[in-house]
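Novice: okay, predicted coordinates and the sequence, questions at the end:
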Amino acid sequence: MKDLYQFSNFLLKEKAEKTWIQLFRYFFVGGSAFLIDISFLYSLTDFFGIFYLTSAAIAFIMGLLTNYILSISWVFSKRTYDNTISEFTLFTILALFGLTLNEFLLWGLTNSLNIYYLYSKLIAAGIIFFFNFFIRKIILFQ
């Protein structure tokens, strides 16, 4: 029982310097950001009647903020930049690549393949999850 406690403490509480621990934690961070993202997407599109690609951009930004806050506080223990503004600016620029990929995948899957926009979002999110983790780890959190 003590070993399980030590392992869970290592996995969840201590500084994460190993990539597999960071990826494990990023799964939860990405999941939280995704829940924020998809909640805004659904609400803005279905309740407020905003075009789904516009809703997707707004929702993506809300997910981005969630992801950034949780990433710097729990996932990545080493930060490349000391200046938070510079770091967040680069984080946002990288996210814009993710947003472009997100919009392209949503549009392609929804308009071209006639997949329901929320299903398209699930597919896009799976692809973007790995893109975001590795690009952020390589550039921002070495």
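Specialist: Looks like it came in fine. Numbers count the residues shown, from 1 in each chain.
Novice: from here on, contacts and neighbour counts on C-alpha atoms
Specialist: OK.
Novice: do you know how far the most centrally placed residue in the chain is from Lys78?
Specialist: By Cα atoms, centre = their mean, the chain has its centre lying nearest to Gly30, at 4.3 Å. Between Gly30 and Lys78 the computed distance is 18 Å (Cα to Cα, to the nearest Å).
Novice: what's the burial count for Ser86?
Specialist: 11 (other Cα atoms under 10 Å).
Novice: swap that for Ile61, please
Specialist: As a measure of burial, Ile61 has 19 neighbours, counting by other Cα under 10 Å.
Novice: tell me which element it is part of?
Specialist: helix 52-70 (DSSP states H and E).
Novice: other SSEs contacting that helix?
Specialist: Where contact means 3 or more Cα pairs under 8 Å, 6 or more residues apart in numbering; DSSP states H and E, helix 52-70 is packed against helix 19-42, helix 84-107.
Novice: how about the last one as PDB, C-alpha atoms only?
Specialist: What follows is helix 84-107 as a C-alpha-only set of coordinates in PDB (Å, rounded to 0.1, in the frame of the first residue of the first chain):
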ATOM      1  CA  THR A  84       5.600  35.000 -18.500                       C
ATOM      2  CA  ILE A  85       4.400  37.400 -21.100                       C
ATOM      3  CA  SER A  86       6.900  36.100 -23.700                       C
ATOM      4  CA  GLU A  87       6.100  32.500 -22.700                       C
ATOM      5  CA  PHE A  88       2.300  33.000 -23.000                       C
ATOM      6  CA  THR A  89       2.800  34.900 -26.300                       C
ATOM      7  CA  LEU A  90       4.800  32.000 -27.800                       C
ATOM      8  CA  PHE A  91       2.300  29.500 -26.200                       C
ATOM      9  CA  THR A  92      -0.500  31.400 -28.000                       C
ATOM     10  CA  ILE A  93       1.400  31.500 -31.300                       C
ATOM     11  CA  LEU A  94       1.800  27.700 -31.100                       C
ATOM     12  CA  ALA A  95      -1.900  27.400 -30.200                       C
ATOM     13  CA  LEU A  96      -2.800  29.400 -33.400                       C
ATOM     14  CA  PHE A  97      -1.200  26.600 -35.400                       C
ATOM     15  CA  GLY A  98      -3.300  24.200 -33.400                       C
ATOM     16  CA  LEU A  99      -6.400  26.400 -34.000                       C
ATOM     17  CA  THR A 100      -5.700  26.500 -37.700                       C
ATOM     18  CA  LEU A 101      -5.400  22.700 -37.700                       C
ATOM     19  CA  ASN A 102      -8.600  22.500 -35.600                       C
ATOM     20  CA  GLU A 103     -10.600  24.700 -38.000                       C
ATOM     21  CA  PHE A 104      -9.300  22.900 -41.000                       C
ATOM     22  CA  LEU A 105     -10.100  19.500 -39.600                       C
ATOM     23  CA  LEU A 106     -13.600  20.700 -38.400                       C
ATOM     24  CA  TRP A 107     -14.400  22.200 -41.800                       C
END
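Novice: perfect, I'm done here.
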